[in-house]
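J.: okay, structure incoming, though there's no sequence with it:
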């Protein structure tokens, strides 16, 4: 028997929604509030605060790192019998860390984005820190690839199952991110591009892993209608709110 494809896809959509909210709403939002500002705009890929302090920019990456830490800790404490929940949590870890490690490389190479603005405000315009940052991002990205490969194999127990699940999760998360960005009330193309980069391109190693491990007895992920419906509602809600954009940018 195979894992139920629609249920696995629902996990990918839910993980994408959680990771996006962790970055844009929780991460940037909390940093903005701590800076004494108010959110003037928030969407699936953009955030603006009335107090444009450089450390508000790093709030989004911190939000993703916290989400990955919490999800990874919970997944490690769950028994193998909770395969569906463990797969969801590991997908949150994967999307969060791939996003931020890949983003660090892009931000330093192109000198744009949250992590570049934070480093610029902290270190100033001169020095070798963009090169150091890009190198650190590459090292972190390779580390995340190795870690996520092991985690997926441990959750599903079978390298072939892991490959199939990773493909479904990647397709669902990427498609969900793009769908959510379509109704953006501003310039849609950059928003769709950033959704593709942050979720789709950053996590492309999910399609390329050389899975390790031996098949073992891990429960099949069965059809869960309630989970599929929940994922659909979550995507609709995010599309209607963050997807369209809240506030003037």
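T.: It's in. Since the model is a prediction, treat every value here as computed from it, not as a measurement.
J.: after the helix or strand hosting residue 70, which helix or strand is next? Please name it.
T.: Assigned by DSSP states H and E, residue 70 falls within helix 59-77. Note on helix 59-77: by DSSP H and E, the next helix or strand toward the C-terminus is helix 83-110.
J.: contacts for the next helix or strand after that next one?
T.: Using DSSP H and E, the helix or strand that follows helix 83-110 in sequence is helix 114-123. If you take CB atoms under 8 Å, 6 or more residues apart in numbering as the criterion, helix 114-123 is touched by 53-55, 57-58, 60-61, 100, 103-104, 107-108, 110, 129-130, 133. In short, each C-beta sits where N, CA and C put it, glycine included.
J.: what is the nearest of these to residue 198?
T.: The nearest member of the contacts of helix 114-123 to residue 198, counting by CB to CB, is residue 103 at 6.9 Å.
J.: do I have it right that the closest one meets residue 113?
T.: Yes: with contact defined as CB atoms under 8 Å, residue 103 reaches residue 113; the gap is 6.3 Å.
J.: please enumerate the helices of the protein.
T.: Along the chain, the segments classed as helices by DSSP state H run 5-21, 28-34, 54-57, 59-77, 83-110, 114-123, 129-156, 159-181, 188-195, 225-238.
J.: now do the third one, average pLDDT.
T.: What that stands for is helix 54-57. The pLDDT scores in helix 54-57 average 88.
J.: related to what we said a few turns ago, looking at residue 103 and residue 113, which is more packed in?
T.: The neighbour comparison of residue 103 against residue 113 (other CB atoms under 10 Å) goes to residue 103, with 23 against 17.
J.: who's in contact with the more buried one?
T.: By CB under 8 Å, 6+ apart, the residues touching residue 103 are 61, 113-115, 137, 198, 202.
J.: for residue 36, state which of these is nearest.
T.: For these, the nearest to residue 36 is residue 114 (19.3 Å; CB to CB).
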